[in-house]
Structure formats: C-alpha cells, structure tokens
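*Asks:* Show me the folded form of this:
(2 chains)
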Number of protein chains: 2
Amino acid sequence: MRLAEIGELPLIELIRRRFGQRSKGVIAGIGDDAAVIESNDNNLLITTDMMLEGIHFDLSFTTPYHIGYKLVSINVSDIFAMGGIPKYLLLNIALNKNIDKSFVDGFFDGVHDAAKLYRVSLIGGDMSSSKKGIAVAASLIGYSKKQIMRSGAKPGDKIYVTGNLGDSACGLEILKTAVSPKPSAISKGLKAESYPLTAKYKQKGLTWNIISPLIQRHLMPVARNPKSFAGYATAMIDISDGLFIDLTRLCNESKVGAKIYAEQIPISPQMKKASSIVGMDSLKLAASGGEDYELLFTAHSYPPAGGVKITCIGEITKKDRVVIDEKGRETKLKTEGYQHFGIKR
Amino acid sequence: MRLAEIGELPLIELIRRRFGQRSKGVIAGIGDDAAVIESNDNNLLITTDMMLEGIHFDLSFTTPYHIGYKLVSINVSDIFAMGGIPKYLLLNIALNKNIDKSFVDGFFDGVHDAAKLYRVSLIGGDMSSSKKGIAVAASLIGYSKKQIMRSGAKPGDKIYVTGNLGDSACGLEILKTAVSPKPSAISKGLKAESYPLTAKYKQKGLTWNIISPLIQRHLMPVARNPKSFAGYATAMIDISDGLFIDLTRLCNESKVGAKIYAEQIPISPQMKKASSIVGMDSLKLAASGGEDYELLFTAHSYPPAGGVKITCIGEITKKDRVVIDEKGRETKLKTEGYQHFGIKR
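*Replies:* Purely as a prediction, here's the structure:
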C-alpha cells in the first residue's frame, strides 16, 4: 500500500501505538507539540544525525530495517562517546508518497530493535513527504553524571580504540564491487543468498564467512558502550569519519599531538583477507575508512575492557601528530577520511 | 565560493565561531559528539521539525535567510504550544556541494536573527552533503514548570486563537500566482521591488501594502509566546496544518467535541482583500490554510492578551465537532488542511 493511500495521521497513529508505552521519566511522548521528560540531577546530552539516500545509504543493498537500525546506532554512538546513557529518541522522516508502506514498517522494525538493544524510548518526531529520495534524521537525548569531552587528553596519555577498524569501510567496498545483492531477498538477518558473491571474487577466494561480519558492521553497526572504561578516559570521540580524522579532531580540541604505531591498529582477520582479495590496503581502510562507530579514547592507565576489545595504538604528545610504521619510520599523520563537500585534508 | 571548495570542517568552524559563545547552562556546545546542558528543576520539552526544498519551501521566492528564520520559528512555535520556554537548538543541514557559500551564510543569518529574537542558543547539529536539493531540520529543547498538553480541554471551555488566520496560506498563494519574484533582489527585509505584482493583479487592485504582511507571515513567521495567557489555558496546540485539522487533533487528544462560530474566526483586512482579488475563499483559507503558527487553546475564563490579539471562536462540547455559519446553520467540521502523503480527511 502506498503512503498516499494511508495518509500522515493514521501512519503516526500506527507508530504511536507501537512505541507509545510511556517509559519512566516521559511525561508526554508522541502525539503533542513537543515531548516532555522529567528533570533529574544528571547533565543532559543531546545529539543529532541525518542519513540521506544516495549519500549515506544505497537501497540496492540496504533494507529499510538497516536504515532504521543504523540511524539509532549512530546517534547512540555519539552519546556513548560522551560517556553518557542514551534515553530518548526523536525521529525526522521524509519519504516520497509513492513509497510502499512496507518501507515504513521495515524502517520502524529496525528502529524498534535498536531502541530495545540500547534501552532508548522513541518520544517524538516529524514525518513529511519528500519530492524525491529518502531523508531520515534522529535526535537523541542522554544523561551523564560526568561527561567525557574531546578536550581532556594530556601529553603522556595512552591512546586506545575499541574493536577492529576498517571493517565497515571494507564491507561497503564489498557491497559495491564483490556481490550482486538481491534487494528483494534481503531481510533483517543477513543471509548469504541475499548477497551472492560474483564469480570473479568467488574464484579469488572470497567467502560468505569472510565478508559477512564486514557487511554486518557496515549495514547494522552496534555502538560501543564504554561503561567499563569510561571512568578511566580523559578524552573520547567516536570514530565515524575515519581514525585519523577523528583522532585529529580530538587532538585539536585537546590542543595536543599524537604518536600512532601503525602496527598496533587493530584489524580483523576477515578484513585483512577481504581487503587483499579486493585489492585494497587494509591499513588505509583501518586508518581512514569511515563509519567504524568504534570509540577512540585516551587514558593514563590501561582500562579494564569488560567484554569489549581494547587496543592501545599510541600516545598523546605535546604537538606533532605522527605515525610510526612497522620499520620505525615516522611520517606526518594525514587526516584522510570521509568529509562532506568533497574535501579531504 | 562553492561548498566543495571549503569543506565540512572549516564550515563547522565558521558556524562555531559565530554561535559558540557559551550561554548559561551549556556545558559543551558545538564541537563534541553531543551537546551537554546542565540539569535543572523544570521538565524538559523536546521537539523536531524538518523543511525540504520543493515541499516546504520554493527557492524562486524564498531566500536562505527565510529558511533559517522560519526553521527556528516553527520549532519555537511547538515549544510555545506546550507553554514552555525555548532554550537550546540543534540543526541538521544537508546541502549539495555545488551550492554557493552565500547560501550557508544567509541561512545562518536567518537562524541567528530568529535565535536572538527567541533567546535560543545553537548548541550542536550535523552537516551533510545531499545528492540533490536542500534538507534542513532542527531539534529544540525547552523548559516548562507546567506543560500545557493537547489533552486538557473540557466541555464548557472556550476556544481561543491568537492573531489572524490564513495570512500565511494567502501569502503563499500570492507568491505563487500574483507576483514575479526576483530571487536575486530578495533580501532579508521584504521589499516591493523583489516581489513585483503582475500586471493582471495590479490592475485588479492588489498593492504591496495589501500583500506584504501576508508574504511576511508566510516567509518569516514569528511564533506566538503564550506567556501572558498560558496560566489560563487548559489545552493548547500550534496551528501548523490548518485550524480545523489542528483543532481536531486537540479534540481527539482531549476526547471532546467542539462548536466553532465561523464568523468569529479572525481574518485580517489584508487577507480579506487579497483573497477576494485572487479569487479565494477567505474563510476557507483561515479554516484550512496551513502554516499559521498561531496558537489554538482552550480556557475556562477569558485570558489576558498581553499584547497578543486573542479571539474566542467557539467552545468545547462533549462529542460532535461542528461549525456554525453566519446564518446559524450547523455543519460538520471537516478536517481539511495540509497533510503529507496527499490525503485530506
């Protein structure tokens, strides 16, 4: 059924019924001019992020479910990067009126599952028709007793990252070049049948076992909860545009330098394998590939991991930002990574 | 200079320099993963609204300044409609990279002037490239000690509206049919030279004095602050999609009926004149035209206006929603008005 046959009010009513259970602290949720939440003693964290068709997602290999799921994750990642607890979500959705209702259903399935995972409540938003293309945005409110800024790093602090880097960028590359996605067969659970490898890359040795964690990280990233180590972090940022560019942001805010040991940057065996098969430099993907949604933080002492993989990749210095390669050679850190408006610097 | 020649980071730095003055209560503003604001005793209000090129604005008669100004106003209107005080603004902006930097400057001029008017601080946001077209969204945080919901109206309450209705919808119609706008000449102050009347409508008696307040209300609406009467209101909503549709929303939430006296609906002399010249029904524009951004509220007793024009247009009843025309005839209230996805009901 096309949205034009349903209309805005009934659509919002459906969403309200699904997400309308009043959670603690929410005085008024969906269905008024603004949402109302109770005050408490913690500081409030607020972030917002947008995803546009053709820029942030490609419908030939991304389902509406993935879009909804990822939209929540990337906003949660920002709250986590402040050491906060995500709580309340608002959505902005612009869709063409000829889009089928199943798109909205899938999108909200993804929002629902991610919101459940992070214990976040949808409390409001805005729905609009678009002329062409899909635009979605979310704003997320969270709390923190003590927020971790980008600006707190001091010379001598060690630099840590969570997880592995470059998986998402490598997964995107594979989606674009090494598989022939079957959008109609793509469901929320990733299955080999939906992303069959092209004969060329199958022959070269790519397998579903190699590519599936990479594709998964790109389409359905899970934000890293820093709960176990937040108490140790002096500065923190989430890696959304690439390690080097986001490290540079942290260094700029802290007015410090950094020394990174290239060999220490954590790379998954699958990414190492896949990148070599598709002819990409795994270190470059890890250092400059976007959308990792891992956390980059600095600390005086080695923090407890608490189930999250944590790797020390270098240390904060007074001024220069440099990379030490495997032979001990020092080069200037180049802030490559994803930037909008086409400038990399 | 095109955005592609400037890049995202320098652009954000420019915005930060302009809006970065830390206002009271803001612990971290633009430049971190999330904004941080101090907690206080009041409840928090949160709202979000989106504006898309081709749907919400037409660049042939709208300047970037108007878009920025209106985006802030329509979000403030939602916070005012809850009886709250708007405080903190987050923006989402998606622009094509070939857009000229003057667009961004004009947009932020508008945001700046409106933010100043409402004493709102820009504390964060997200900037992205778009494939085509412009999409902007804002999220606004406000406070209230006692919020006014849509759900508080009781049978016997009188129904009030602020200002005049239909000016904005009539202004839009004039922009589309009766003037030949010169976008290059359009500045933030509205001038007759920028919107010359077509010969046909000049001959029919339309003048700049008649149309300018209508155009102004459409391009640069000022949200109504309910401060003087909020204490009297039992329920409130802002009129964004049209009086009848928004009244219906209020009645649905309050589970009540309404009786509206058509003759009481406030219509400006300019709108009355202009609509008759362009051949539109002024009452229809006032009852169903969108984007008034006036407040509709219910109260037991006549509230003090405090500089805002307030008109009683009817009363809350138990169940049916009806309109009484000038001859005393009762008809069912039709919820015409602007709805996305093309359904009017």
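*Asks:* Could you use CA atoms for every contact and neighbour count after this?
*Replies:* Will do.
*Asks:* low-confidence ranges in the stretch 51-200 of chain A?
*Replies:* A:183-188 (pLDDT under 70).
*Asks:* redo that, cut-off 50
*Replies:* Judged by pLDDT under 50, the stretch 51-200 of chain A has no weakly predicted residues.
*Asks:* and the gap between A:Ile85 and A:Leu214?
*Replies:* Note on A:Ile85: its distance to A:Leu214, by CA to CA, to the nearest Å, is 27 Å.
*Asks:* Which residue ranges of the stretch 51-200 of chain A form strands?
*Replies:* All strands of the stretch 51-200 of chain A, identified by DSSP state E, counting those that start in this stretch, fall at A:85-95, A:121-129, A:135-144, A:158-162.
*Asks:* Compare the ones you listed and give me the one nearest chain B.
*Replies:* Comparison of the strands of the stretch 51-200 of chain A against chain B by CA to the nearest CA identifies strand A:121-129 as nearest, at 5.4 Å.
*Asks:* What angle do strand B:135-144 and the closest one make with each other?
*Replies:* 140 degrees (axes from the mean of the first three to the mean of the last three CA atoms, to 10 degrees).
*Asks:* Strand A:121-129 vs chain B: in contact?
*Replies:* Yes - for strand A:121-129, a contact with chain B is found by CA under 8 Å from any CA of the partner chain, at A:Gly124, A:Gly125, A:Asp126, A:Met127, A:Ser128, A:Ser129.
*Asks:* Adding distance to B:Ser301, write those residues out as TSV.
*Replies:* Shown next, in TSV, are the residues of strand A:121-129 next to chain B (distance: CA to CA, whole Å):
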residue	distance to B:Ser301
A:Gly124	31
A:Gly125	33
A:Asp126	33
A:Met127	35
A:Ser128	36
A:Ser129	39
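*Asks:* how about the residues of the stretch 101-250 of chain A near chain B?
*Replies:* Contact residues, the stretch 101-250 of chain A versus chain B (CA under 8 Å from any CA): A:124-131, A:135, A:137, A:139, A:147, A:149-150, A:237-238.
*Asks:* follow-up on the earlier one: name the residue in A:Ile85 and A:Leu214 with the higher neighbour count.
*Replies:* Each of A:Ile85 and A:Leu214 has its neighbours counted (other CA atoms under 10 Å in any protein chain shown); A:Leu214 has more, 26 against 23.
*Asks:* Relative to A:Phe61, how far out is the nearest residue to that one once chain neighbours are set aside?
*Replies:* Excluding the flanking residues, the one nearest A:Leu214 by CA to CA, 6 or more residues apart in numbering or on different chains is A:Gly171, at 4.3 Å. Counting by CA to CA, the gap from A:Gly171 to A:Phe61 is 11 Å.
*Asks:* Which residue of these two possesses the greater neighbour count?
*Replies:* A:Gly171 (24 against 21).
*Asks:* For A:Ile210, which residues are in contact?
*Replies:* For A:Ile210, the contact set (CA atoms under 8 Å, 6 or more residues apart in numbering or on different chains) comprises A:Gln270, A:Met271, A:Lys273, A:Ala274.
*Asks:* one step back: so which of the strands of the stretch 51-200 of chain A comes closest to A:Val179?
*Replies:* Evaluated with CA to CA, these place strand A:135-144 nearest to A:Val179, the distance being 25.8 Å.
*Asks:* Need the contact partners of that closest one.
*Replies:* A:42-53, A:71-72, A:75-76, A:79, A:83-95, B:92, B:135, B:139.
*Asks:* buried ones in it?
*Replies:* A:Ala135, A:Val136, A:Ala137, A:Ala138, A:Ser139, A:Leu140, A:Ile141, A:Gly142, A:Tyr143, A:Ser144 (16 or more other CA atoms under 10 Å in any protein chain shown).
*Asks:* and which of these is nearest to B:Ala4?
*Replies:* Proximity of those to B:Ala4 (CA to CA) peaks at A:Ala135, which lies at 21.2 Å.
*Asks:* who does the closest one bridge with?
*Replies:* As for beta bridges, A:Ala135 partners with A:Leu52, A:Ala94 under DSSP bridges.
*Asks:* That one and A:Ser129: what is the separation?
*Replies:* 10 Å.
*Asks:* Give the intersection of the neighbour lists for those two.
*Replies:* Counting by CA under 8 Å, 6+ apart, the residues touching both A:Ala135 and A:Ser129 are A:Ala94, A:Leu95.
*Asks:* Just to be sure, A:Asp241 is in a strand?
*Replies:* No - applying DSSP: H, G, I helix; E, B strand; the rest coil, one finds A:Asp241 to be coil, outside a strand.
*Asks:* What separation is there between it and chain B?
*Replies:* According to CA to the nearest CA, to the nearest Å, A:Asp241 and chain B sit 12 Å apart.
*Asks:* measure that residue to A:Gly306 for me?
*Replies:* 26 Å.
*Asks:* How about A:Asn40: what's its closest non-neighbour residue?
*Replies:* Residue nearest to A:Asn40 in three dimensions, not counting chain neighbours: B:Ser39, with 6.5 Å by CA to CA, 6+ apart.
*Asks:* check contacts around A:Arg2.
*Replies:* By CA under 8 Å, 6+ apart, A:Arg2 lies in contact with A:Lys97, A:Asn98, A:Ile99, A:Asp100, A:Lys101.
*Asks:* scratch that, A:Asp167
*Replies:* A:Asp167 neighbours (CA under 8 Å, 6+ apart): A:Pro213, A:Leu214, A:Ile215, A:Arg217, A:His218, A:Ile267, A:Ser268, A:Met271, A:Leu285, A:Ala286, A:Asp292.
*Asks:* So which of those are in helices?
*Replies:* A:Pro213, A:Leu214, A:Ile215, A:Arg217, A:His218, A:Met271, A:Leu285, A:Ala286 (DSSP state H).
*Asks:* A:Val36 and A:Ile27 touch, don't they?
*Replies:* Yes - if you go by CA atoms under 8 Å, A:Val36 and A:Ile27 touch, sitting 5.2 Å apart.
*Asks:* So for these two, which residue has more residues nearby?
*Replies:* A:Val36 (27 against 16).
*Asks:* Can you say which helix or strand has the more buried one in it?
*Replies:* strand A:35-37 (DSSP states H and E).
*Asks:* Which residues does that strand contact?
*Replies:* By CA under 8 Å, 6+ apart, strand A:35-37 touches A:25-29, A:123-124, B:43-47, B:147.
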